[in-house]
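Colleague: With the input below, show me the fold.
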Amino acid sequence: MSGFENGLPAQAGEATLSFAGRGNRENQVCGKEEWDRDPDLWLYRKKTTMLLRRYVQWSLEAGRVPSLLGRELFRSRISAYSAITFEERVIFLHDVEGCLERLQGFDRQIIARVLLQEHDHDAAAQILQCDRKTIERRLPELIDELTDDFLQAELLERLPETKDDSL
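Modeller: Take a look at the predicted model:
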């Protein structure tokens, strides 16, 4: 968890939920315990979302549908950004795909439906045959997991540290 849920700080002793059927990811995120993750990952959520949309756009421009989506057609609105060379795009696509492959099947489907295909939470829940609350709860956690992976792969730049000189 990011340390904040719906803008409110999480309680210090709050227990984390484990998800049945998540295999080795139970109480872990990318090989780390949840409480070892950076509590400020939520700050990157918008950048991570835009990076995923760029991934879809560049995949289609390279003549392939992202593996996360299979062969489905989808709508998307992508921000304008251009890479200098084709090689840079291929490396970017490979790195993002590697991060997405670390997600489990259901988690991948949430990312695909909500972020890449831009379905609202109700439509995504209907497609995935789950409750809307599951999507609302799990999506921010998944974005934070991907953010952590993107930061490690240096696809995102870390925000500068701020010093508190008032102390």
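Colleague: How many residues are close by residue 133?
Modeller: 10 (other Cβ atoms under 10 Å). C-betas here are computed from N, CA, C, even on glycine.
Colleague: Okay, buried residues for the helix or strand harbouring it please.
Modeller: Per DSSP states H and E, residue 133 falls inside helix 132-152. Within helix 132-152, the residues scored as buried using 16 or more other Cβ atoms under 10 Å are 134-135, 138-151.
Colleague: among these, which two are most distant?
Modeller: 134 and 151 (26.0 Å; Cβ to Cβ).
Colleague: lowest-confidence helix or strand of the chain?
Modeller: Lowest mean confidence among the helices and strands of the chain (mean pLDDT, DSSP states H and E): strand 8-9, at a mean of 37.
Colleague: need the helices for the chain, in chain order.
Modeller: 45-61, 86-101, 105-110, 121-128, 132-152 (DSSP state H).
Colleague: Put together JSON lines for these, with mean pLDDT on each row.
Modeller: Shown next, in JSON lines, are the helices of the chain (pLDDT from 0 to 100):
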{"stretch": "helix 45-61", "mean pLDDT": "91"}
{"stretch": "helix 86-101", "mean pLDDT": "90"}
{"stretch": "helix 105-110", "mean pLDDT": "95"}
{"stretch": "helix 121-128", "mean pLDDT": "96"}
{"stretch": "helix 132-152", "mean pLDDT": "95"}
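Colleague: want to try TSV for those helices, with distance to residue 160 as columns?
Modeller: Below are the helices of the chain laid out as TSV (distance: least, Cβ to Cβ, whole Å):
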stretch	distance to residue 160
helix 45-61	14
helix 86-101	23
helix 105-110	30
helix 121-128	33
helix 132-152	14
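Colleague: Those helices: which one's closest to residue 158?
Modeller: Between the helices of the chain, helix 132-152 lies closest to residue 158; by Cβ to Cβ that is 6.2 Å.
Colleague: tell me what that closest one is packed against?
Modeller: Counting contacts by 3 or more Cβ pairs under 8 Å, 6 or more residues apart in numbering; DSSP states H and E, helix 132-152 packs against strand 28-29, helix 45-61, helix 86-101, helix 105-110, helix 121-128.
Colleague: I'd like these as a markdown table, with mean neighbour count appended.
Modeller: What follows is the helices and strands packed on helix 132-152, written out as a markdown table (neighbours: other Cβ atoms under 10 Å):
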| stretch | mean neighbour count |
| --- | --- |
| strand 28-29 | 18 |
| helix 45-61 | 18 |
| helix 86-101 | 15 |
| helix 105-110 | 17 |
| helix 121-128 | 16 |
